[in-house]
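*Asks:* I need the structure of the sequence given here:
(2 chains)
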Amino acid sequence: MKPIVPVINVKGQYNHLIVRMLTELGTESSLVPLSVSIDELEEVGYNGLVAGGGPQSVHDENSRRELRNLERLFKETTKPLLCICVSHQLLAEALGGRTGPAKKPEYGQITVNVDKEDEILRGTGPSFTAWASHNDEVVHIPEDFERLAHSQSCKVEVMRSGSRPIYGIQFHPEVWHTSNGRMIFRNFVEVVKRNASSGK
Amino acid sequence: MTIQQSEFDAAAFVKSQVDEIAQRLGGKRAIIAISGGVDSTTCAALAYKAMGKSLLCIFIDTGFMRLDEPRKVKSLLSKRPLGLLVRIVRAQERFMEAIGQAEDAEEKRKAFRETFYTILSETAKKENCHFLIQGTIAPDWIETKGGIKTQHNVLEQIGISPQEKYGFTIIEPIANLYKDQVRVVSRYLEIPREISERQPFPGPGLLVRCVGRLEPSKLRTLKQSTQIVEKHLATTGGQQFFAVVLDNKIEDHPAKEPLQKQVSESLKIQSREVKVNILESRATGVKGDMRVYGRIASVSISKEQREVYGWLIEKLRELQSKLISASPEFTRILYTIQEGKERAPYDVAIRAIETRDFMTADVVAIPWSTLTSIAKEILKRCPNVAHVYYDLTSKPPGTIEFE
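*Replies:* Okay, here's the model as predicted:
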């Protein structure tokens, strides 16, 4: 049975590429709206969740309001969760960390330095090329989180929760130009499969 | 809307689309505006399979096509196995008038779209066609929904009812495909390689490569430069390579000095050997998923250093990254290859990118000798060009096109 991994459409232009990637990796995936509820996700039997990027800024009042449901989902979900770009920033803020305007915003090619491969970055170390596009960044990771990668201009490129299978990625693993993007998604799908088979 | 993905089965796709088109049309006539591009040709081939002679193929000559393109396209599509009969509709003056003095990228695109659909609907009505078949693909509507640019064929997705406004229903057989998947389908349909492997060409054509205001001599320069660039880069140019014409107009801007300093530090050359200019024109970019209509900076290094530096792609790519990162309103960095007459009215930029799906793109490392050959030829053929540049900007932060 194929794992079911919906992608929350945070309205970024790359969200569809996440669906494409997940489908190519053998899951059943599709875009679901920002307003989706945990009940709706449980009804379709979701095994994992990905939240994509978007034009919002976590510091803007209107954006934050728009993302309120997403914040709730991050707190409530018990399944593996992968948050990309603005979702990664929202994840930080939702769980007690802090974000701010990027001191050195990144657009296009960056080099990601892997601090700890863990599950999500397995096989990607010691460093790799990625594609980024962000104006804000995570300044303080939430208390029980661990930093897994950084770049020269951005301290937190990848982070994970110490207690739950929740990961945040600042760059875009779903685009063609991120060299280990596919591997990262493959690793995430592994986490989803393992989690599902252990009955959670 | 779901996207067709993985284990992409061209045969199954073709069968299901042909069936669906035949079913939806129910024997009525349909019109398609073809451009010679792989998207519209693939749709025409699919539609022809479904409805044969009930399909009317027109080629609207907007005046923004490349040199000799309308004639070449008509001839190519009439050959077997396509055998499509194409009617050329001449509309150059109407488009020129509609664009008028508009300078802003979005304004020009919108004027183009209005005129295009008006002509299309006039022809459709005259020929009693109730349906319009269109080659919209996934990136087209993803980028318009995100407000990044107005794709001229995305009416329905952005809430403009074509039935109400123009009098027909739109069918988009390949709306769920990405470009690379469209090519798979076109090869399956045996569409000639000149079309199936052809690089994408914007809907509004050369209009969006004529940065700022439209002028006949500016457009002519662009067509000639385009021909030269395409000829030289046919084998090394990446997935997309083209020319852009801009006005040779610069302005005083506070970012000039700091940018100059950064270039000097970044490339480790003396600041007196570096010159940065801020152009008056604007170019589109995409930063953090938002559309930005920002500034263009041109970087010139002294002629002696230029030969030494020639083409150090890593250094220049890093440079572009640093400059834009430090200056939020900038979306484009142009690198000077060669200068023409100082007071000439126009500049030409060469653009060459490599990409899989056009959602992200990197700049091609074209050999310096090739770039200088192209520049020389452009300056020789077009005496009204003051500078020939190479565009160093990746996507993001720039978009592939300038407008």
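*Asks:* please tell me how far residue B:45 sits from chain A.
*Replies:* Distance of residue B:45 to chain A, computed by C-beta to the nearest C-beta, to the nearest Å: 24 Å. The C-beta positions use only the backbone N, C-alpha and C, and glycine is treated the same way.
*Asks:* what about that residue, how many residues nearby?
*Replies:* 25 (other C-beta atoms under 10 Å in any protein chain shown).
*Asks:* number of nearby residues for residue 23?
*Replies:* All of this refers to chain A. With other C-beta under 10 Å as criterion, residue A:23 counts 21.
*Asks:* switch to chain B, please.
*Replies:* 9.
*Asks:* do the same with the one 10 residues further on
*Replies:* The burial count assigned to residue B:33 is 24, neighbours taken as other C-beta under 10 Å.
*Asks:* same deal with residue B:206?
*Replies:* For residue B:206, the neighbour count with other C-beta under 10 Å is 23.
*Asks:* look up the closest residue to residue 48, ignoring the ones flanking it.
*Replies:* This is for chain A. residue A:192 (3.5 Å; C-beta to C-beta, 6 or more residues apart in numbering or on different chains).
*Asks:* um, chain B though
*Replies:* residue B:55 (5.5 Å).
*Asks:* and if you look at residue B:206?
*Replies:* With C-beta to C-beta, 6+ apart, the residue lying closest to residue B:206 is residue B:64, at 4.4 Å.
*Asks:* pretty sure residue B:334 belongs to a helix, no?
*Replies:* No: under DSSP: H, G, I helix; E, B strand; the rest coil, residue B:334 falls outside any helix and is assigned strand.
*Asks:* now it. Nearest residue, chain neighbours left out?
*Replies:* residue B:389 (3.8 Å).
*Asks:* which ones are touching the residue of chain B most remote from its centre?
*Replies:* When distances to the mean C-alpha position of chain B are computed (C-alpha atoms, centre = their mean), the maximum falls on residue B:270, with 36.8 Å. By C-beta atoms under 8 Å, 6 or more residues apart in numbering or on different chains, the contact set of residue B:270 is residue B:264.
*Asks:* how close does it get to chain A?
*Replies:* Counting by C-beta to the nearest C-beta, the gap from residue B:270 to chain A is 25 Å.
*Asks:* for that residue, grab phi and psi.
*Replies:* The phi/psi pair for residue B:270 (degrees, to the nearest 10) reads phi -60, psi 140.
*Asks:* from memory the residue nearest to residue A:48 sits against residue A:50, does it?
*Replies:* No: Residue A:192 is not in contact with residue A:50 according to C-beta atoms under 8 Å; the separation is 9.7 Å.
*Asks:* those two: which is more packed in?
*Replies:* residue A:50 (28 against 25).
*Asks:* helices or strands next to the helix or strand hosting the more buried one in the packing?
*Replies:* Taking DSSP states H and E as the definition, residue A:50 sits inside strand A:49-51. Judged by 3 or more C-beta pairs under 8 Å, 6 or more residues apart in numbering or on different chains; DSSP states H and E, strand A:49-51 is in contact with strand A:7-8, helix A:68-76, strand A:81-84, helix A:86-94.
*Asks:* so what strands line up beside it?
*Replies:* strand A:7-8 (parallel), strand A:81-84 (parallel) (DSSP bridges).
*Asks:* name the residues that touch the longest helix seen in chain B?
*Replies:* Longest helix of chain B, by residue count under DSSP state H: helix B:105-126. Helix B:105-126 has contacts (C-beta under 8 Å, 6+ apart) with B:31, B:33, B:56, B:58, B:60, B:62, B:89, B:91, B:94-95, B:98-100, B:102, B:129-130, B:132, B:149-150, B:152, B:155, B:162, B:165-168, B:203-204, B:207-208, B:214, B:282, B:284, B:293, B:402-403.
*Asks:* look up how far residue B:247 lies from residue B:212.
*Replies:* 5 Å (C-beta to C-beta, to the nearest Å).
*Asks:* so what's in contact with the two at the same time?
*Replies:* B:280, B:281.
*Asks:* convert the helix or strand hosting residue B:59 to CSV, retaining C-alpha atoms only.
*Replies:* For residue B:59, the host element (DSSP H and E) is strand B:55-61. Provided in CSV are the C-alpha atoms of strand B:55-61 (Å, rounded to 0.1, in the frame of the first residue of the first chain):
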residue,chain,number,x,y,z
LEU,B,55,-10.1,22.1,-36.3
LEU,B,56,-9.0,25.5,-37.6
CYS,B,57,-5.4,26.3,-37.1
ILE,B,58,-4.4,30.0,-37.2
PHE,B,59,-1.0,31.7,-36.8
ILE,B,60,-1.5,35.2,-35.6
ASP,B,61,1.4,37.3,-36.8
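*Asks:* tell me the domain ranges of chain B?
*Replies:* B:10-196, B:210-391 (automatic domain parsing).
*Asks:* these: which one's closest to residue A:63?
*Replies:* Taking C-beta to C-beta, domain B:210-391 is the member of those nearest to residue A:63, at 11.2 Å.
*Asks:* residues of the longest helix seen in chain A that come out buried?
*Replies:* Counting by DSSP H, the longest helix found in chain A is helix A:181-197. By 16 or more other C-beta atoms under 10 Å in any protein chain shown, the buried positions in helix A:181-197 come out as A:181, A:183-185, A:187-193, A:195-196.
*Asks:* what residues does it touch?
*Replies:* By C-beta under 8 Å, 6+ apart, helix A:181-197 touches A:3, A:5, A:21-22, A:25-27, A:47-48, A:50, A:79-80, A:82, A:119-124, A:130, A:165, A:167, A:169, A:172-175, A:178.
*Asks:* from chain B, how far out is residue A:75?
*Replies:* Residue A:75 is 24 Å from chain B, by C-beta to the nearest C-beta.
*Asks:* how distant is the strand or helix carrying the residue nearest to residue B:334 from the center of its chain?
*Replies:* Taking DSSP H and E as the criterion, residue B:389 maps to strand B:385-391. Put simply, strand B:385-391 sits 18 Å off its chain's centre (C-alpha atoms, centre = their mean, to the nearest Å).
*Asks:* same question, stretch A:153-167
*Replies:* Relative to where its chain is centred, stretch A:153-167 has its mean C-alpha point 9 Å off (C-alpha atoms, centre = their mean).
*Asks:* what about residue 11, neighbour count?
*Replies:* Because you didn't say which chain, this covers chain A. 21.
*Asks:* that's the wrong chain, I wanted chain B
*Replies:* Using other C-beta under 10 Å, residue B:11 is surrounded by 9 other residues.
*Asks:* contact partners for it?
*Replies:* Contacts of residue B:11 by C-beta under 8 Å, 6+ apart are residue B:188.
*Asks:* what stretches of the chain score poorly on pLDDT?
*Replies:* Using chain A here. A:200 (pLDDT under 70).
*Asks:* I was after chain B.
*Replies:* The model of chain B has pLDDT under 70 over residues B:1-7, B:142-160, B:162, B:166, B:307-313.
*Asks:* show me where it has its strands.
*Replies:* Assigned by DSSP state E, chain B shows strands spanning B:30-33, B:55-61, B:86-90, B:131-133, B:169-171, B:240-247, B:250-251, B:274-287, B:290-301, B:330-339, B:346-354, B:362-363, B:385-391.
*Asks:* close to chain B: what parts of chain A are there?
*Replies:* Taking C-beta under 8 Å from any C-beta of the partner chain as the contact definition, chain A meets chain B at A:11-14, A:16-17, A:19-20, A:23-24, A:30-31, A:53-55, A:85-86, A:104-109, A:131, A:133-136, A:153, A:172, A:175-177.
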